[in-house]
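> Next input, structure requested:
(one chain, ligands or ions: 3)
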Amino acid sequence: MLIVKKFGGSSVANKERIYNVARRCVEEYKNGNQVVVVLSAMGDTTDDLLDLAATISAKPSKRELDMLMSTGEQISVSLCAMAIQELGVAAISLNAFQVAMHTSRDYGNARLKKIDTERIKAELDAKKIVLVTGFQGINRYDDVTTLGRGGSDTTAVALAAALHADACEIYTDVDGVYTCDPRIVPEAQKLDEITYDDMLDLATLGAQVLHNRSVGMAKKYGVELVVRSSLSDAPGTVVREVLKVEKRMISGVAVDKSPARISLIGLHDAPGIAFRVFNVLAAEGISVDIILQSVGRDGTKDISFTVDRKDLDASIKVLEENLSKLTAERIECEENVAKVSVVGAGMMTNPGVASKMFEALYNEGINIKMISTSEVRITVLVDQDNADAAARAVHNAFVAQD
Ligand code: ADP
Ligand code: ASP
Ligand code: MG
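Ligands and ions are numbered 1, 2, ... in the order given. This next block holds a predicted model:
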C-alpha cells in the first residue's frame, strides 16, 4: 500500500516527538508499505517566524514572508529524515521546489494546481521513505508560495490524490474530529465518521482540526481521510462520503475567534450604496463574511459586516479614503468578537433549530451581535469573551441532547 501520513506542528514539536513520528513511519514501512510523510513546521515555528518578520517590517512583502515561512517545514522534514536514517531506514526530504508542487500566483494563500510525482515515485522505488514539506508550493515565477495557515493538511490530501495513495492519515494532537473543539467543550464527543460536507462546514466555520481546503480537495478527488492522534493508537475519525450510521441532526459546533466587525453608519438609503461599499473592499482583495443591513429610516441606513481581523486595518483605511463616495457618516469597528456556529445537514428538515440556539444563549445571558444562516448552519457573532461559554451552551443544547 502507498500511505500518505501528515503530522502537524505539535506532533513534531521537539526531538522526542520527531523520533515518535520517525518510529511510526518506519513501522509502516517495515510492514511492507510505501510511505510519504508530510510535515508541518515544529511547534510554534510559523508564528515565531511571523513575529521575527514583524521586528523588521510593519508591512513585510508577501513574497518575502512566504520565503521566510517556508523554512519552518524544511527544518522538520530534514530533521525527521535524519531520525529515520538513524533508525536504519533510507529516507529523503524534499521541499516544494524539489517535488515540484505547482501553485497559483498568490503569496500567502496560494492554491495547489498540479503536483509532479516523478521524483517522489523514483525515491519510493528506491525504497526510501519520502518526506515532503507541507504548506508550500512554487508559482509560475519559480517563487515559493504558502497555502494559508494550516495548509499542510491540503498538501497531504493533494499528494494522496496525485499519487493515488491507498490511505491518507492526518495525525494531530487530538484523537479525531469532535462535535466541538475539545479544548473549549470538554464534553464534546468524538465522531467515528463525518461526511465531507459536514467536515467542510465545520472547518470553514472555524474548526481548525482540518484546513478547509483540504476537505474540499478530499471530496473532489474522493480521498478518504483519517484524522487521528500521533501519540496514541486510537482509531480516529474517518472523513468520507457515505456514512454507515444514521445521520445526526447536528454534526457539531464551531468557534472562530478571528473575525472583526465593521459598521458603516448613516449611509444614504439609495440603490447602489451596498455595491459601492463591497466593491471598494473587493478591489483591495478583502473578503467579507456576515453582512447585515438595517432597514432604512429617514433616508439613511447602516451596514455592518465582518472581515478577518488581519484585514481590519486595510479595510478601515480603504473605507476611510472613500467615506464621502460611500455616503457614510462614520465607521465603527469592534475587534473582540467571535463567531459560534451550529452545523448539520439535518437542520434543513428540523424546524426550531434557531430558536433553540438563541434560547441556549439567552439562558447564559449572552448577547447576539449578528446572525447569519444557511440551510445547514446558523452562525451568531458574540463578544469574544463569551465565545467559549456560547459554544458550551449551544453544544449542550444540541449535541449533548441528541
Ligand atoms: P496540527 O498542528 O496537527 O495541524 P491544529 O492545531 O491545526 O493541529 O488542529 C488541531 C486542533 O484543532 C486541536 O488541538 C483542537 O483544539 C482544534 N479543534 C477545533 N475544532 C475541533 C474539532 N471539532 N475536533 C477536534 N479538534 C478541534
Ligand atoms: N506551519 C503552517 C502553519 O502553522 C502550516 C501548518 O501547520 O499546516 O500554519
Ligand atoms: Mg493544522
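> Contact partners for the residue nearest in space to the middle of the chain?
Taking CA atoms, centre = their mean, the centroid of the chain lies closest to H211, which sits 3.2 Å from it. For H211, the contacting residues are 147-148, 150-154, 203, by CB atoms under 8 Å, 6 or more residues apart in numbering. The C-beta positions use only the backbone N, C-alpha and C, and glycine is treated the same way.
> Contacts only, for whichever residue of the stretch 251-400 of the chain sits closest to ligand 1.
The nearest approach of the stretch 251-400 of the chain to ligand 1 comes at G252, 5.5 Å away (CB to the nearest ligand atom). The neighbourhood of G252, defined by CB under 8 Å, 6+ apart, consists of 177-180, 188, 191, 198, 202, 207, 342-344, 399.
> And the residue nearest to the centre of the chain, how far from ligand 1?
H211 sits 8 Å away from ligand 1, going by CB to the nearest ligand atom, to the nearest Å.
> close to ligand 1, is the strand or helix carrying A391?
According to DSSP states H and E, A391 maps onto helix 387-398. No. Using CB under 6 Å from any ligand atom, we find that helix 387-398 stays clear of ligand 1, coming within 9.8 Å at best.
> so where's the stretch 101-250 of the chain shaky on pLDDT?
243-248 (pLDDT under 70).
> Now do the strands in the stretch 51-200 of the chain.
91-94, 101-103, 112-115, 129-133, 136-138, 144-146, 167-172, 193-195 (DSSP state E, counting those that start in this stretch).
> Out of those strands, which gets nearest to ligand 2?
Per CB to the nearest ligand atom, nearest to ligand 2 of the strands of the stretch 51-200 of the chain: strand 144-146, 7.5 Å.
> May I have the strands that pair with that closest one, each with its orientation?
strand 136-138 (antiparallel) (DSSP bridges).
> Can you give the distance from the partner strand to the centre of its chain?
With CA atoms, centre = their mean, to the nearest Å as the basis, strand 136-138 stands 17 Å off its chain's centre.
> Skipping its backbone neighbours, what lies nearest S294 in space?
Of all residues not flanking S294 in the chain, D302 sits nearest, at 4.5 Å (CB to CB, 6 or more residues apart in numbering).
> count of residues packed around the one you found?
If you count neighbours by other CB atoms under 10 Å, D302 ends up with 19.
> So it versus T155, what's the distance?
Using CB to CB, to the nearest Å, D302 is found at 42 Å from T155.
> got it, and D181?
D181 sits 23 Å away from T155, going by CB to CB.
> Which elements pack onto the strand or helix carrying R24?
Using DSSP H and E, R24 falls within helix 15-30. Judged by 3 or more CB pairs under 8 Å, 6 or more residues apart in numbering; DSSP states H and E, helix 15-30 is in contact with strand 2-7, strand 34-39, helix 62-86, strand 129-133.
> between those, which one is nearest to ligand 1?
Across the helices and strands packed on helix 15-30, the minimum distance to ligand 1, taken as CB to the nearest ligand atom, is reached by strand 2-7, at 7.0 Å.
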